[in-house]
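A.B. asks: Sequence first, then the predicted structure:
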Amino acid sequence: GESVGLHLPTLSVQEGDNSIINCAYSNSASDYFIWYKQESGKGPQFIIDIRSNMDKRQGQRVTVLLNKTVKHLSLQIAATQPGDSAVYFCAENRGGGSNYKLTFGKGTLLTVNP
Amino acid sequence: DAGVTQSPTHLIKTRGQHVTLRCSPISGHKSVSWYQQVLGQGPQFIFQYYEKEERGRGNFPDRFSARQFPNYSSELNVNALLLGDSALYLCASSPEIGSWDEQFFGPGTRLTVL
C-alpha cells in the first residue's frame, strides 16, 4: 500500500550532538518531500523540503538526504539544541494529476537532553 | 501579520451529532487544507480547497465535507460523529494550490466525541 513511515519512534540526544531522523516511503511515484516539526500544542512547522531530482539539500543547521534507490529520507540536525525537542514528521506529495494531497508519516519524538 | 486562525480551540460533542470547524487563512492565501491528527499519529489529509473549489481529497467518508468562502476562509463539517472522530483538526493555508513549501498550519481544533 501507499505509506510514509519512520524507522524510529523516539530519539534522545545530548545537547550539541547531531541528530538523524529517518523516514521510509513506499511509493516510487512520490516526487516531493517535506520535513515538519511539531511542538506540543502547535501545528506542524515547515523545516525543509526536497524534490526527487535532488539527493541532498541543506538549510540552517538542517540537511535532508534522499535515497530514491531504497526509498529513504533522512533529516540531519546539527548541534541539536533543547529548542529542537519536538515531534518530526516527513511528508510526501506524489505530484501531478488533479488530486493535491500530502501524506504524512507517523512521526519521531526528538528529546534533547541539556 | 496574523497566522492561520481556527475556531473553536476545543469542542466536546456526543456521538451522532454534527460539528462545524472554522478556519481563517493567512491574508493573501487562496488555498486551505484540512487535516485530522489522532493522538500519537501524523496528520491525515482530508481536503484541499483552492478558489472555492475542492482540489484534493483524502480517504475520509462522506460524513466529512468542507467548503471555502469568497474571502478564502473555510469550514469543515462532520456529520454523524463517531468516537473515532476525536482528534486534533488542523487547517493550513498556502498562497496557491500545491505550494506545500509555503503552507502554514493553524493551532488546530481539539474535538472530543463522547
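C.D. replies: Thanks, I have the structure now.
A.B. asks: Going by C-alpha atoms from here, please, whenever you check contacts or count neighbours.
C.D. replies: Will do.
A.B. asks: Tell me which residue lies nearest the centroid of chain B.
C.D. replies: By C-alpha atoms, centre = their mean, chain B has its centre lying nearest to residue B:34, at 3.1 Å.
A.B. asks: sec struct for that one, please.
C.D. replies: strand (DSSP: H, G, I helix; E, B strand; the rest coil).
A.B. asks: beta partners of it?
C.D. replies: In this structure, residue B:34 bridges to residue B:47, residue B:91 when assessed by DSSP bridges.
A.B. asks: and residue B:45, how many neighbours?
C.D. replies: 23 (other C-alpha atoms under 10 Å in any protein chain shown).
A.B. asks: For it, which non-adjacent residue is closest in space?
C.D. replies: In space, and not counting its chain neighbours, residue B:45 is closest to residue B:35: 4.5 Å by C-alpha to C-alpha, 6 or more residues apart in numbering or on different chains.
A.B. asks: Next: residue B:105.
C.D. replies: Per C-alpha to C-alpha, 6+ apart, closest to residue B:105 is residue B:92, 4.1 Å.
A.B. asks: How about residue B:80?
C.D. replies: residue B:16 (4.1 Å).
A.B. asks: Just to check, the one you found is in contact with residue B:84?
C.D. replies: No. Taking contacts as C-alpha atoms under 8 Å, residue B:16 lies outside contact range of residue B:84: 11.8 Å.
A.B. asks: Those two - which one has more neighbours?
C.D. replies: Using other C-alpha under 10 Å as the criterion, residue B:16 and residue B:84 rank with residue B:16 on top: 14 against 11.
A.B. asks: Assumed the more buried one was part of a helix.
C.D. replies: No. Assignment of residue B:16 by three-state DSSP gives coil, placing it outside any helix.
A.B. asks: and it, how far is that from residue A:37?
C.D. replies: Distance, residue B:16 to residue A:37, using C-alpha to C-alpha, to the nearest Å: 34 Å.
A.B. asks: contact partners of the helix or strand hosting residue A:73?
C.D. replies: Residue A:73 belongs to strand A:72-77 when assigned by DSSP states H and E. Strand A:72-77 is contacted by residues A:18-25, A:35, A:61-67 when judged by C-alpha atoms under 8 Å, 6 or more residues apart in numbering or on different chains.
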